[in-house]
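**Student:** Let's see this in three dimensions:
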Amino acid sequence: MIDWTDFSRGAAALLSWEIPLSIILGLALGTVFGAIPGLTGGMGIAILTPFTFRLPLMPSLVFLTSVYTGGCFGGAISAILINTPGSPASVSTTLDGYPMTRKGLSNEALGISVAASAMGGFIGMVFLLVIMKPLANLALRFGPPEMFMVAVFGLTIISSLHEGGFAKGMLAGLFGMMLGTMGMSSTGAIRGGFHIMYLLDGIPVIPALIGLFAFSELFFLMEKEYITESGETIRRNLRKMLRGFYTAFRYPVNVFRSSLIGVIIGALPAAGATVANIVSYNEAKRLSRHPHTFGEGDPEGVVAAEAANNASEGGAMATMLALGIPGGQATAVLIGAFMLQGLLPGPRLFYKHMHVVYGLISAELVEEVLLVGVGMIIAYYFAGIVTVPTRILIPTIAMFCTIGSFALRNAMFDAYLMFAFGLLGWIMRKHGYPVIAVVLGIILGPIADRELIHTNQLFAGDLSVFFTRPISLALVVMSTLAVAFPYLVRRRRER
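**Tutor:** Here you go, the predicted structure:
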């Protein structure tokens, strides 16, 4: 339950003039970092943390959490406008966001993403405020068998990909999983590295994402004069963005369901916003009355993807604050920022500095409200991309793709790898293979591989553990139903 005394102390700490300034500046920088391919919100936190050394406690932490919030949304901007997820957490946003842009609905898609992000983030923070401790305890009950089944459940989206048919989707997914298991395993075995030093840690996700989505799209843009079908007649339009903003409110059930999925999955270490984004999109498509429109520019797909990945911030913060366990790169850097301020996330933080926790949550609620204004302004100026002729846009995007891939590890190998994935994505799309299935395999394959190895080590190869642990059994049932449900619905409609 909420301790209202500590809550009032924490909220009172936000009355300083420095707090609103920290929030607005952090949101703006985080959104820009998230919108530039290759630069994620987590990278933005890492770059900006040294600038907070001399700041007071609350302004420094509020600034960094604002960068986190802005980064969660910013990835949607490039995902919608140029088919490039600014971060892996926006991978499903491309599936309907970019088709809307090609139809000349880029302004509406950006407005929808702002509204869904703000609503999802706000709901996630309310959940964090109310059920922070129980959610952290639930996350502790997820061992290797449960985490393996979470990854399997995320992979069930392949069954609902109709582009090219189920067989092509499965082949692409299995190919992605094979790529995802390259490098050194948790047992120390090196697989498929071809004696290349840069592949010891496996395929880096950012260059693969940029190549498969953005660089492959450049080959198709060479045949066009503009991104959109209507060419230069599509201008950035604030009124249309506001129309898209209000469109998101037409799907309250989708927003709430996706936010709940985001909070729960975000609380699981090593799962985070990417898995939440994928699972939420899949569930929205499965439960929709018109699933055939998903992937063709359905606003409901953008709502589901963006509400989930922003709500996952609440779950990740719950695990970080209550247990001191980072859910991903961003929260790992935030733990370092806490330690620089003399605080150690974990159970002791709740006993000794609960007012700081409540102060941060209060600031996060304010951040989600202010994200509407900051996000709309930045998205409005980025929306001008669709009016730029492709003869200018193609070399510019290619340059940013190369720089974004190189900046990850300061290695040209990653730029070459991005180019190779770009060619692969172009060939796959020309022959009807879903690129998203490869991305799913690359992202979720290492999680499934690692947790299956840990399960085998802990339980001496006894696979019955998946059916004797309640949470794991529930996930087995859900994964089975997730695969079977689309076919049962299709057969019923055929009859």
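**Student:** what packs against the strand or helix carrying Gly121?
**Tutor:** Element membership for Gly121 (DSSP states H and E) is helix 106-140. If contacts are counted by 3 or more Cβ pairs under 8 Å, 6 or more residues apart in numbering; DSSP states H and E, helix 106-140 sits against helix 57-82, helix 93-102, helix 238-247, helix 252-266, helix 299-323, helix 354-382. Heads up, the C-betas are built off the backbone N, CA and C, glycines and all.
**Student:** what is the orientation angle of the next helix or strand after that helix with helix 252-266?
**Tutor:** Next in sequence after helix 106-140, counting helices and strands by DSSP H and E, comes helix 144-155. Counting by axes from the mean of the first three to the mean of the last three Cα atoms, to 10 degrees, helix 144-155 lies at 140 degrees to helix 252-266.
**Student:** Next, the angle helix 106-140 makes with helix 144-155.
**Tutor:** Calculated by the same axes, to 10 degrees, helix 144-155 forms an angle of 160 degrees with helix 106-140.
**Student:** Please save the CA atoms from helix 144-155 in PDB.
**Tutor:** Extracted as PDB, the C-alpha positions of helix 144-155 are listed here (Å, rounded to 0.1, in the frame of the first residue of the first chain):
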ATOM      1  CA  PRO A 144      14.900 -20.000 -16.000                       C
ATOM      2  CA  PRO A 145      11.900 -22.200 -17.000                       C
ATOM      3  CA  GLU A 146       9.500 -19.200 -16.800                       C
ATOM      4  CA  MET A 147      11.900 -16.900 -18.700                       C
ATOM      5  CA  PHE A 148      12.300 -19.500 -21.400                       C
ATOM      6  CA  MET A 149       8.500 -19.700 -21.800                       C
ATOM      7  CA  VAL A 150       8.300 -15.900 -21.900                       C
ATOM      8  CA  ALA A 151      10.700 -16.000 -24.900                       C
ATOM      9  CA  VAL A 152       8.700 -18.800 -26.600                       C
ATOM     10  CA  PHE A 153       5.500 -16.900 -26.000                       C
ATOM     11  CA  GLY A 154       7.000 -13.900 -27.700                       C
ATOM     12  CA  LEU A 155       7.900 -16.000 -30.700                       C
END
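**Student:** Numbering from 4 from now on, please.
**Tutor:** Sure, I'll start counting at 4 from here, so that last one is helix 147-158.
**Student:** Tell me how far it lies from the chain's centre.
**Tutor:** 17 Å (Cα atoms, centre = their mean, to the nearest Å).
**Student:** cool, and stretch 477-495?
**Tutor:** On Cα atoms, centre = their mean, the centre of stretch 477-495 falls 24 Å from the chain's centre.
**Student:** ok, now stretch 412-423?
**Tutor:** Taking the mean C-alpha point of stretch 412-423 and that of its whole chain, the gap between them comes to 22 Å (Cα atoms, centre = their mean).
**Student:** Stretch 289-296 now?
**Tutor:** Counting by Cα atoms, centre = their mean, stretch 289-296 comes out at 22 Å from the chain centroid.
**Student:** Could you do stretch 207-218 as well?
**Tutor:** Computed by Cα atoms, centre = their mean, the chain-centroid distance of stretch 207-218 equals 14 Å.
**Student:** Quick check: mean pLDDT of it?
**Tutor:** Averaged across stretch 207-218, pLDDT comes to 82.
**Student:** Ends of it, what's the gap?
**Tutor:** 16 Å (Cα to Cα, to the nearest Å).
**Student:** which residues touch that stretch?
**Tutor:** Among residues not part of stretch 207-218, those counted as contacts by Cβ atoms under 8 Å, 6 or more residues apart in numbering are 40-41, 43, 81, 85-88, 91, 94, 97, 182, 201, 400-401, 404, 407-408, 411-412, 417-418, 420-425, 427-428, 438, 441-442, 445-446.
**Student:** redo that, cut-off 6 Å
**Tutor:** With Cβ atoms under 6 Å, 6 or more residues apart in numbering as the test, stretch 207-218 has contacts from 40-41, 86-88, 91, 97, 404, 407-408, 411, 417, 420-421, 424-425, 428, 438, 445.
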